[in-house]
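S.K.: Build the 3D model from these lines:
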Amino acid sequence: MKILGLHHITLVCANAQRTVDFYVRVLGQRLVKQTVNFDDPGSYHLYFGDATGKPGTAITFFEWPGARRGAFGVGGTHHFALRVRDTDGLLKWKRRLIDLGVPVDGPFDRHYFTSIYFNDPDGSILEIATEGPGWTRDEVANRLGMEYREPPAQMVINNRDEMRIRAEMWSEPVPTITADMALMEGMHHITAIGSDIERTNAFFGDLLGMRRVKMTSNFDDPNSAHWYWGVDDGRPGTLITYFERDPARTRRAQMGAGQTHHFALAVADEDEQSEWRARISKAGLRVSPIMDRVYFRSIYTNDPDGHIVELATVGPGFLADEDAKTLGSQLKLPPWLESQREAIEGVLVPLAVPEWRAASE
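M.R.: Numbers count the residues shown, from 1 in each chain. Reported below is the predicted structural model:
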């Protein structure tokens, strides 16, 4: 029984078409599923990812039309990161985004990777992070996460660094997404905010069996803890990280557009999921029944600060009701909602789906 890595992250958007345009046209993600929120079938649930939306690449959105902006805080997600191979790919992304009118911060050297930050149209914080150099930069592999590692002094940004960072840019325009910058490997990590890092460690480390691969501090706020958990050696795509914040000085997360509704970790199958459900229940935590999401099965619980955490099966996947060529091209409903299709389509604004092409060499 083992957590396999990240499965998906689900956020809230205020306008489905605007979200489709950004994630497909700007970031090169594929819209792999148009469906509805199974618990609120009058609203869209959109899935983006690689060519088939495999676990770890899936970024999903509930549309709450006209929703007010939410705010990050304790009990919520701060940001999520997508993977790029190296610094050249990262600089190409910076140039592409800025040329498209999207403000970018960075690149910042985070010691274990280099990254840039920007916002989607609803204000969600996105990071693009390189795959390396990785966790063994300052610890040997068999002792990862066992001792505190202070951020190197040169990694803490000061005012003198800002002009240099702003100037670091790919020299040529990047009108198309090339293979070396494509984000098809999916997420690098998800970062949330908790109020007690040891309690968070008990949840992800002791209960869910994830490996703590780094104990450090927030490079932008060195007085607060920043810990990382992953699978095996903490490879990108398996990582959950938390900032520790004082709840007396930091607000609670406020749900709304631009905020994460929940994130999901991948488990092998329903048998293991049932075992996980029993284990979570035995620990005295709330856990939902197993729910049929057509493309996977899910259970839901909460981290110690209330953030919704889902454990989702790897299969059956998004090809369950569409073939690979037509993924995301039309509204798909679960069998129990097909009888309501006319009414559901009557309240949803039809989407214009941009053509998706795999990144070119």
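
S.K.: Settle this for me: Val245 is touching Ala225, isn't it.
M.R.: Val isn't right for residue 245; it's Arg. No: with contact defined as CB atoms under 8 Å, Arg245 does not reach Ala225; the gap is 9.3 Å. Heads up, the C-betas are built off the backbone N, CA and C, glycines and all.

S.K.: Can you check which residues contact both of these two?
M.R.: Here Arg245 and Ala225 have no joint contacts, going by CB atoms under 8 Å, 6 or more residues apart in numbering.

S.K.: Could I get the pLDDT score of the nearest residue in space to Phe72 that is not next to it in sequence?
M.R.: Leaving aside its chain neighbours, Phe72 sits nearest to His78 (5.2 Å; criterion: CB to CB, 6 or more residues apart in numbering). Note for His78: predicted pLDDT of 98.

S.K.: For His78, grab the count of nearby residues.
M.R.: 19 (other CB atoms under 10 Å).

S.K.: heads up, I number from 395, so please use that
M.R.: Sure thing, new numbering starts at 395, so read that last one as His472.

S.K.: ok, it - contacts?
M.R.: 466, 519, 585-587, 637 are the contacts of His472 under CB under 8 Å, 6+ apart.

S.K.: Swap in 10 Å and give it another go.
M.R.: 466, 519, 521, 584-587, 612, 635-637, 639, 647, 654 (CB atoms under 10 Å, 6 or more residues apart in numbering).

S.K.: do the same with Ile519
M.R.: Neighbouring residues of Ile519 by CB under 10 Å, 6+ apart: 466, 471-475, 499, 511-513, 585, 652.

S.K.: Mind listing the residues bridging to it?
M.R.: Here Ile519 sits in beta bridges with Asn513, going by DSSP bridges.

S.K.: Relative to Ala465, how far out is it?
M.R.: In this view, Ile519 and Ala465 are 11 Å apart by CB to CB, to the nearest Å.

S.K.: what touches both of the two?
M.R.: By CB under 10 Å, 6+ apart, Ile519 and Ala465 have these common neighbours: Gly652.

S.K.: quick one: the strands in the stretch 395-544 of the chain?
M.R.: Taking DSSP state E, counting those that start in this stretch as the test, the strands found in the stretch 395-544 of the chain are 399-407, 424-431, 434-443, 452-457, 471-478, 499-503, 508-513, 519-524.

S.K.: for stretch 595-608, which positions count as buried?
M.R.: Neighbour counts over stretch 595-608 (16 or more other CB atoms under 10 Å) mark 595, 597-599, 601-602, 604-608 as buried.

S.K.: can you tell me which two in those residues are farthest apart?
M.R.: Leu601 and Lys608 (19.4 Å; CB to CB).

S.K.: Next, the distance between the ends of stretch 577-594.
M.R.: 29 Å (CA to CA, to the nearest Å).

S.K.: Just the buried residues of that stretch, please?
M.R.: 577-591, 594.

S.K.: Go through those residues and say which is closest to Pro630.
M.R.: His582 (4.5 Å).

S.K.: and the host helix or strand of Arg560, what's its mean pLDDT?
M.R.: Element membership for Arg560, per DSSP states H and E: helix 553-561. For helix 553-561, the mean pLDDT works out to 74.

S.K.: mind checking how far the helix or strand that it is followed by is from the chain centre?
M.R.: Following helix 553-561 in sequence order, the next helix or strand is strand 581-588 (DSSP H and E). Averaging C-alpha positions (CA atoms, centre = their mean, to the nearest Å) puts strand 581-588 7 Å from its chain's average.

S.K.: just stretch 555-562 next, same as before
M.R.: For stretch 555-562, the distance to the chain centre is 27 Å (CA atoms, centre = their mean).

S.K.: for the stretch 545-694 of the chain, which spans come out with low pLDDT?
M.R.: Residues of the stretch 545-694 of the chain that meet the criterion pLDDT under 70 lie in 548-554.

S.K.: And the helices in it?
M.R.: With helices called from DSSP state H, counting those that start in this stretch, the stretch 545-694 of the chain shows them at 553-561, 591-595, 664-676.

S.K.: Out of the ones you listed, the one nearest Arg424 is which?
M.R.: Taking those one by one with CB to CB, helix 664-676 is closest: 26.6 Å.

S.K.: And that closest one, what's buried?
M.R.: 666-667, 670-671, 674.

S.K.: ok, so of those residues, who is nearest Leu745?
M.R.: Taking the buried residues of helix 664-676 together and measuring to Leu745 by CB to CB, the closest member is Gln667, at 31.6 Å.
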